[in-house]
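> A predicted structure for the sequence below; I have some questions about it.
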Amino acid sequence: MFNIMFAPVRPPYLLRKFYSDFTWNMPGEDRKIYLTFDDGPLPGITEFVLDALKAHNAKATFFCVGNNVKQNAEIFQRTVDEGHRIGNHTYFHKNGWYTPVPEYLQDVSDAAQLINSNLFRPPYGKIKLRQAQALLPHYKIIMWDVISYDWDQSVSPEQCLDNVTLNTRPGSIVVFHDNIKAIGNLKEVLPKYLEYLKQNEFSFEVIP
């Protein structure tokens with residue numbers, strides 16, 4: 001088991017090397033960036049993200065919580081219709097460390113009934129080895145190489161923006177959150193970050 005939650009903005013090399021079956025970035029020479037958003041869809045928040053992405057002609061990958069998809073089906077459908085990729089983020093945002101393996105796998109399966117995707121990201125970055133072993137034959141487990149800490153109330157918008165701009169590299173998978181905790185930072189930071197990426201000639205890609 002491991003905990004990404006309290007890791008630096010960029011996860012340590014040894015951690016990525018040890019869990020090499022997981023996808024941490026998309027290496028390549030092209031200046032491609034892979035924006036991801038966790039926890040939605042939620043009214044107001046996910047729609048803000050979609051509007052910001054549309055304004056910059058940018059695509060992203062959304063790791064959705066099944067229960068939120070059920071409650072906000074129209075926003076979920078808009079996400080799909082606008083050409084973004086979706087991924088499974090469990091049905092009830094389960095913490096793998098504190099959830100028995102059968103219960104966790106059932107929660108992923110329940111989410112899969114609404115989210116047709118072979119991409120999976122564990123909530124909080126917490127997953128047991130047995131859970132991962134059971135999922136890997138069916139899913140790509142997508143982690144990240146840059147995390148914004150947008151949900152952390154102690155992180156200012158300025159620090160949040162620095163987290164992503166100073167650490168983005170070609171092929172980076174960058175994590176934001178379309179959830180209530182993150183909305184303050186997200187509204188300040190996302191438009192500026194999108195502009196930064198365009199000015200620095202990054203292209204926006206979904207996770208394949």
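On my side now, so go ahead. Numbers count the residues shown, from 1 in each chain.
> alpha carbons only for contacts and neighbour counts from here, please
Will do.
> The longest strand along the chain packs against which elements?
As assigned by DSSP state E, the longest strand anywhere in the chain is strand 32-38. For strand 32-38, the contact count by 3 or more CA pairs under 8 Å, 6 or more residues apart in numbering; DSSP states H and E identifies strand 61-64, strand 173-177, strand 203-204 as packing neighbours.
> Please work out which of those strands is packed deepest.
strand 61-64 (a mean of 28; mean count of other CA atoms under 10 Å).
> ok, residues contacting that one?
34-41, 84-90, 115, 120-121, 206-207 (CA atoms under 8 Å, 6 or more residues apart in numbering).
> now the lengthiest helix in the chain: how far from the chain's centre is it?
Assignment by DSSP state H gives helix 183-199 as the longest helix of the chain. Put simply, helix 183-199 sits 16 Å off its chain's centre (CA atoms, centre = their mean, to the nearest Å).
> Could you pull out the strands in the chain for me?
Going by DSSP E, the chain shows strands at 32-38, 61-64, 85-88, 119-120, 140-141, 146-147, 173-177, 203-204.
> any chance of those strands in JSON lines, with mean pLDDT too?
Formatted as JSON lines, the strands of the chain follow (pLDDT from 0 to 100):
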{"stretch": "strand 32-38", "mean pLDDT": "97"}
{"stretch": "strand 61-64", "mean pLDDT": "98"}
{"stretch": "strand 85-88", "mean pLDDT": "98"}
{"stretch": "strand 119-120", "mean pLDDT": "98"}
{"stretch": "strand 140-141", "mean pLDDT": "98"}
{"stretch": "strand 146-147", "mean pLDDT": "96"}
{"stretch": "strand 173-177", "mean pLDDT": "98"}
{"stretch": "strand 203-204", "mean pLDDT": "96"}
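> Output the ones you listed as TSV; include the columns distance to Asp21.
As requested, these are arranged in TSV below (distance: least, CA to CA, whole Å):
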stretch	distance to Asp21
strand 32-38	19
strand 61-64	19
strand 85-88	17
strand 119-120	13
strand 140-141	8
strand 146-147	18
strand 173-177	16
strand 203-204	24
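> Among those strands, which comes closest to Lys54?
Closest approach to Lys54 among these (CA to CA): strand 203-204, 11.5 Å.
> quick one: strands adjacent to that closest one?
Each strand paired with strand 203-204, and its direction, by DSSP bridges: strand 32-38 (parallel).
> where does the closest residue to Tyr34 other than its chain neighbours sit relative to Arg78, distance-wise?
Take Tyr34 and drop its neighbours on the chain: the residue closest to it by CA to CA, 6 or more residues apart in numbering is Ile173, 4.7 Å away. Distance of Ile173 to Arg78, given as CA to CA, to the nearest Å: 23 Å.
> Equivalent analysis for Leu186, please.
Leu186 is 20 Å from Arg78, by CA to CA.
> try Gln113
18 Å.
> Who has more neighbours out of those two?
Arg78 (14 against 11; other CA atoms under 10 Å).
> Let me know the pLDDT of the more buried one.
We have a pLDDT of 98 for Arg78.
> For the closest residue to Thr168 other than its chain neighbours, give me its contacts.
Leaving aside its sequence neighbours, Thr168 sits nearest to Val146 (CA to CA, 6+ apart; 6.7 Å). Contact partners of Val146, counting by CA under 8 Å, 6+ apart, are Val9, Arg10, Pro11, Asn163, Val164, Asn167, Thr168, Ser172, Ile173, Val174, Val175.
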